[in-house]
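Novice: quick one, structure for this:
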Amino acid sequence: MRDKAPTNSAAPGDGLIRAGAVVFFLGALATLVTVAPLFFGSKPFPTYMFGLSMLMAVGFLVAGAGVLRSIAAGRRQARGASR
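Specialist: Take a look at the predicted model:
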């Protein structure tokens, strides 16, 4: 019995990772929609639409924070088990 936690339990940081992935993909979709008129030769979107592309970076940072939180929780658990 190596691990006492059930396999379907959520570790600390999992919610942040999922939320970051959703925000990242929304930003990727916004980037595709914003850049598409440039390829088709139509009128580009207003400048504020390019700001939606920043959701990719925000999602990446949120997911990274989730990974760091998960790492910290794993270290705390390992440190507690070694004592």
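Novice: going forward, measure contacts between C-alpha atoms and count neighbours the same way
Specialist: OK.
Novice: residue 52 touches residue 32, doesn't it?
Specialist: No. Assessed by CA atoms under 8 Å, residue 52 is found out of contact with residue 32, at 10.6 Å.
Novice: out of those two, which sits in the busier spot?
Specialist: residue 52 (16 against 12; other CA atoms under 10 Å).
Novice: sec struct for that one, please.
Specialist: Counting by DSSP: H, G, I helix; E, B strand; the rest coil, the backbone at residue 52 sits in helix.
Novice: just give the number of residues close to residue 42.
Specialist: Neighbours of residue 42 (other CA under 10 Å): 9.
Novice: ugh, typo on my part, it should be residue 45
Specialist: 14.
Novice: what about the helices in the chain?
Specialist: With DSSP state H, the ranges of helices along the chain come out as 14-40, 47-51, 55-82.
Novice: now do the buried residues in the lowest-mean-pLDDT helix or strand in the chain.
Specialist: Lowest on mean pLDDT, DSSP states H and E among the helices and strands of the chain sits helix 47-51, with a mean of 82. Neighbour counts over helix 47-51 (16 or more other CA atoms under 10 Å) mark residue 50 as buried.
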